[in-house]
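Engineer: Using only what follows, build the 3D model:
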Amino acid sequence: MDRRELLKGLALGSIWAGASRFAQSSVNDFASRRPRQGERKFVSRSVEETIHRVKAKIKDPHLAWMFENCYPNTLDTTVQVGVVNGKADTFIITGDINAMWLRDSSCQVWPYLPLAKDDSDLQRMFCGLIARQSRCILIDPYANAFLFDPKATKPLSWAVDDLTDMRAGIAERKWEIDSLCFCIRLAHGYWRATGDVSPFTVEWARAMHLVVDTFREQQRKVGRGSYHFQRKTEVPTDTLMLGGYGNPARPVGLIYSMFRPSDDACMYSLSVPENMFAVVSLRQLSQMADEVSRDAAFANTSRSLALEVESALSEYGRARGGKDGEIWAYEVDGFGNQLLMDDANLPSLLGLPYLGYCPADDPIYRRTRSRILSSANPYFFKGTAAEGVGGPHIGLDMIWPMGIIMRALTSIDAGEMRQCLRWLNTTDAQTGFVHEAFQKDNPAQFTRPWFSWANSLFGELIVKLSQEHPEMLA
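Structural biologist: Numbering: from 1, shown residues only. Coordinates of the predicted model:
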């Protein structure tokens, strides 16, 4: 099922029937749902040791079962390692879509970073992924997803007729700031975790220079830039207004993002969480330029752009949040129009502390968070099964487990963390995995039985709780 058929299936209700059949056939005997050992795509000794160690701390058998299935799911099912030009190469699919998203691939392996320093196999995998992402960026910094074969000329089925500047190797070409930010985050995270500088080659440096050039172009201070995108579709969030250049916005120093991390078109072209993520990433890049590449000029350029975007966020990204004070808007246009909502996909307003933009007790974040987790957010849903943030990508009354996980990861309240854990433990439809979204009153109605990013994020949460709040698992 491709994405276009998936959306049609949602409208017809057929996906619900398929999801229910999947749930009914899943007899919950807590037997491992991992592939057999000889069929796993990638094996890491340290990951296996972590599974054994953490699982032993989890009292609830269902939660322990979910962790055992989810935490290694990326390695078990989505990683393809090889060699390109004599160096490691790693390609990672999202799960049930056979292509590599820059965002997803970075997030899928993020939970394994703390283990990489003492695991040469993981180091090789990370080095290969950083190299692959660099080559993808050099193919086209505006593309969000790529094919395994960089010479392949047939994109994903729903992107075949897109009106944009497609090139070989591209699976889909939706411009999202976070696609490039996540590549920086992964590179910086790997460097800080291991001290290894071997992935940061001349090719990587070229890709990073192109990232900054792309951000500059999409500030649109001079013209609209080179990117445009249109799709022949009945789904309005799959295409862009005004000849493919998106809704108008004032060039106030923020970076234009045509699509959200959900791959839905932005309503207003200046995404606040995307720009916040760019600030964090540019500062990480400047640090690496200083200490790894020894490129002082590029470090200064990155820092300068981060400061400019941060200043523009302060002036244009804030909104009135009622009597309690200012909050962050989700999207703005620089003319005074603002969209007050949040989406479960990362980067989100809810996830700002997770991405390093602000501390979890920051006052404006706390006010924003309170609004996001209430009926004031049109995409916050409360049902008999759970409550949480969703988004327009799947539709109303559909809660994204990713939003519940992010709520727990950014919480400073033990009771809230426990509640999030209970919701996650009871909404897997007895499959042992985390899904893209589920119906707020019926978790058996879910989308994407194989969604590796959500599984990895769940594993990350459990490992974090085992280290910081082991009493919640006991």
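Engineer: Helix or strand: which one has the closest residue to residue 289 other than its chain neighbours?
Structural biologist: Excluding its sequence neighbours, the residue lying closest to residue 289 (C-beta to C-beta, 6 or more residues apart in numbering) is residue 299, at 3.7 Å. C-beta coordinates here come from the backbone N, C-alpha and C atoms, glycine included. Using DSSP states H and E, residue 299 sits within helix 296-316.
Engineer: Make sure residue 207 is indeed in a helix.
Structural biologist: Yes - counting by DSSP: H, G, I helix; E, B strand; the rest coil, residue 207 is located in a helix.
Engineer: Contacts only, for it.
Structural biologist: 133, 134, 135, 137, 138, 183 (C-beta atoms under 8 Å, 6 or more residues apart in numbering).
Engineer: shaky segments in the protein?
Structural biologist: 1-28 (pLDDT under 70).
Engineer: distance of the spatially most central residue of it from residue 277?
Structural biologist: Computing the C-alpha centroid of the chain and ranking residues by C-alpha atoms, centre = their mean puts residue 346 first, at 4.5 Å. Using C-beta to C-beta, to the nearest Å, residue 346 is found at 9 Å from residue 277.
Engineer: go on, residue 403?
Structural biologist: 17 Å.
Engineer: Pull out the buried residues from the contacts of residue 207.
Structural biologist: 133, 134, 135, 137, 183 (16 or more other C-beta atoms under 10 Å).
Engineer: so which of the residues you listed comes closest to residue 243?
Structural biologist: Lowest distance from residue 243 to the buried ones among the contacts of residue 207 (C-beta to C-beta) belongs to residue 137, with 25.6 Å.
Engineer: Confirm the closest one sits in a helix?
Structural biologist: Yes - counting by three-state DSSP, residue 137 falls inside a helix.
Engineer: ok, back up a step: distance to residue 223 added to the buried ones among the contacts of residue 207, as TSV?
Structural biologist: What follows is the buried ones among the contacts of residue 207, written out as TSV (distance: C-beta to C-beta, whole Å):
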residue	distance to residue 223
133	28
134	28
135	28
137	22
183	26
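Engineer: For those residues, work out which two are farthest apart.
Structural biologist: In the buried ones among the contacts of residue 207, two members sit farther apart than any others by C-beta to C-beta. They are 135 and 183, at 11.1 Å.
Engineer: Which phi and psi values does residue 95 adopt?
Structural biologist: phi 130, psi -110 (degrees, to the nearest 10).
Engineer: Over to residue 339?
Structural biologist: For residue 339, the backbone dihedrals (degrees, to the nearest 10) come out as phi -110, psi 120.
Engineer: That one and residue 330 touch, don't they?
Structural biologist: Yes - because the distance of 4.9 Å satisfies C-beta atoms under 8 Å, residue 339 is recorded as touching residue 330.
Engineer: Tell me which of the two has more neighbours.
Structural biologist: residue 330 (27 against 18; other C-beta atoms under 10 Å).
Engineer: ok, the residue nearest to residue 289 - contacts?
Structural biologist: Going by C-beta under 8 Å, 6+ apart, residue 299 touches 286, 287, 289, 290.
Engineer: hang on, the third one in a strand?
Structural biologist: No - using three-state DSSP, the assignment for residue 289 is helix, not a strand.
Engineer: Wait, it touches residue 302, no?
Structural biologist: Yes - in this structure, residue 289 is within contact of residue 302 by C-beta under 8 Å, at 6.2 Å.
Engineer: of the two, who's got more company?
Structural biologist: Remark: of residue 289 and residue 302, residue 302 carries more neighbours, 27 against 24, as counted by other C-beta under 10 Å.
Engineer: which residues sit in contact with the more buried one?
Structural biologist: Here residue 302 is in contact with 212, 282, 283, 285, 286, 289 (criterion: C-beta under 8 Å, 6+ apart).
Engineer: still on that earlier bit, most neighbours among the contacts of residue 299, which one?
Structural biologist: Result: residue 289 is most packed of the contacts of residue 299 (other C-beta under 10 Å), 24 neighbours.
Engineer: overlap in contacts of residue 346 and residue 277?
Structural biologist: Common contact partners of residue 346 and residue 277 (C-beta under 8 Å, 6+ apart): 178, 355.
Engineer: I'd say the residue nearest to the centre of the chain and residue 355 touch.
Structural biologist: Yes - in terms of C-beta under 8 Å, residue 346 counts as a neighbour of residue 355; the distance is 7.3 Å.
Engineer: sorry, back to before: tell me the one of the contacts of residue 207 nearest residue 32?
Structural biologist: Residue 32 has its nearest neighbour among the contacts of residue 207 in residue 133, at 31.0 Å by C-beta to C-beta.
Engineer: which stretch of helix or strand covers the closest one?
Structural biologist: Following DSSP H and E, one finds residue 133 within helix 120-139.
Engineer: Could you export that helix as PDB, CA atoms only?
Structural biologist: Only the C-alpha atoms of helix 120-139 are listed here, as PDB (Å, rounded to 0.1, in the frame of the first residue of the first chain):
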ATOM      1  CA  SER A 120      32.700  -0.900  16.700                       C
ATOM      2  CA  ASP A 121      29.800  -2.400  14.700                       C
ATOM      3  CA  LEU A 122      27.600   0.500  15.700                       C
ATOM      4  CA  GLN A 123      30.300   3.000  14.900                       C
ATOM      5  CA  ARG A 124      30.600   1.500  11.400                       C
ATOM      6  CA  MET A 125      26.800   1.800  11.000                       C
ATOM      7  CA  PHE A 126      26.700   5.400  12.100                       C
ATOM      8  CA  CYS A 127      29.700   6.300   9.900                       C
ATOM      9  CA  GLY A 128      28.000   4.700   6.900                       C
ATOM     10  CA  LEU A 129      24.700   6.600   7.600                       C
ATOM     11  CA  ILE A 130      26.400  10.000   8.000                       C
ATOM     12  CA  ALA A 131      28.200   9.400   4.700                       C
ATOM     13  CA  ARG A 132      25.000   8.300   3.000                       C
ATOM     14  CA  GLN A 133      23.100  11.300   4.300                       C
ATOM     15  CA  SER A 134      25.900  13.600   3.000                       C
ATOM     16  CA  ARG A 135      25.700  12.100  -0.400                       C
ATOM     17  CA  CYS A 136      21.900  12.500  -0.400                       C
ATOM     18  CA  ILE A 137      22.100  16.200   0.600                       C
ATOM     19  CA  LEU A 138      24.600  16.700  -2.300                       C
ATOM     20  CA  ILE A 139      22.100  15.100  -4.700                       C
END
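Engineer: Many thanks, I have nothing further to ask.
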